[in-house]
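**Student:** what follows is a protein structure lacking sequence information:
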């Protein structure tokens, strides 16, 4: 089963009018920078919803 890339490192590859596109330096996926920001927000929300694991 393939692991999902969290896109830890990205670089801007194109800017056009109001859009900015970034490339993940780990997996090579190219996507709208706004989508990247949305992914970060969703990930933060998921982490806040999870209870802390006790040792």
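**Tutor:** Everything's here; your move. If you're wondering where the values come from, they're calculated on a predicted model, not measured in any experiment. Numbering: from 1, shown residues only.
**Student:** need the helices for the protein, in chain order.
**Tutor:** 33-49 (DSSP state H).
**Student:** which one is the residue nearest to the spatial centre of it nearest to, not counting chain neighbours?
**Tutor:** When Cα atoms, centre = their mean is applied to the chain, the residue found nearest the centroid is residue 36 (4.2 Å). Closest residue to residue 36 apart from its sequence neighbours, by Cβ to Cβ, 6 or more residues apart in numbering: residue 22 at 5.8 Å. Every C-beta, even on glycine, is put in place using the N, C-alpha and C of the backbone.
**Student:** now do the one you found, the pLDDT please.
**Tutor:** Note on residue 22: pLDDT of 92.
**Student:** hmm, residue 9 and it touching each other?
**Tutor:** No: Residue 22 lies out of contact with residue 9 (Cβ atoms under 8 Å); the separation is 10.0 Å.
**Student:** if the residue nearest to residue 7 when sequence neighbours are not counted is in a bridge, with which residues?
**Tutor:** Nearest residue to residue 7 in three dimensions, chain neighbours excluded: residue 24, at 4.3 Å (Cβ to Cβ, 6+ apart). Beta-bridge partners recorded for residue 24 (DSSP bridges): residue 10.
**Student:** heads up, I number from 19, so please use that
**Tutor:** Okay, using 19 as the starting number, the last item reads as residue 42.
**Student:** list the contacts of residue 42.
**Tutor:** Residues near residue 42 by Cβ atoms under 8 Å, 6 or more residues apart in numbering: 23, 25, 27, 28, 48, 49.
**Student:** now the buried members of those.
**Tutor:** 25, 28 (16 or more other Cβ atoms under 10 Å).
**Student:** tell me the one of the contacts of residue 42 nearest residue 34?
**Tutor:** Distance to residue 34 across the contacts of residue 42 (Cβ to Cβ) is lowest for residue 48, with 13.0 Å.
**Student:** could you check the pLDDT of the closest one?
**Tutor:** So residue 48 comes in at 91 (pLDDT).
**Student:** for the one 10 residues further on, same thing?
**Tutor:** Among the per-residue scores, residue 58 shows a pLDDT of 69.
**Student:** residue contacts, residue 48?
**Tutor:** Applying Cβ under 8 Å, 6+ apart, the residues near residue 48 are 31, 39, 40, 41, 42.
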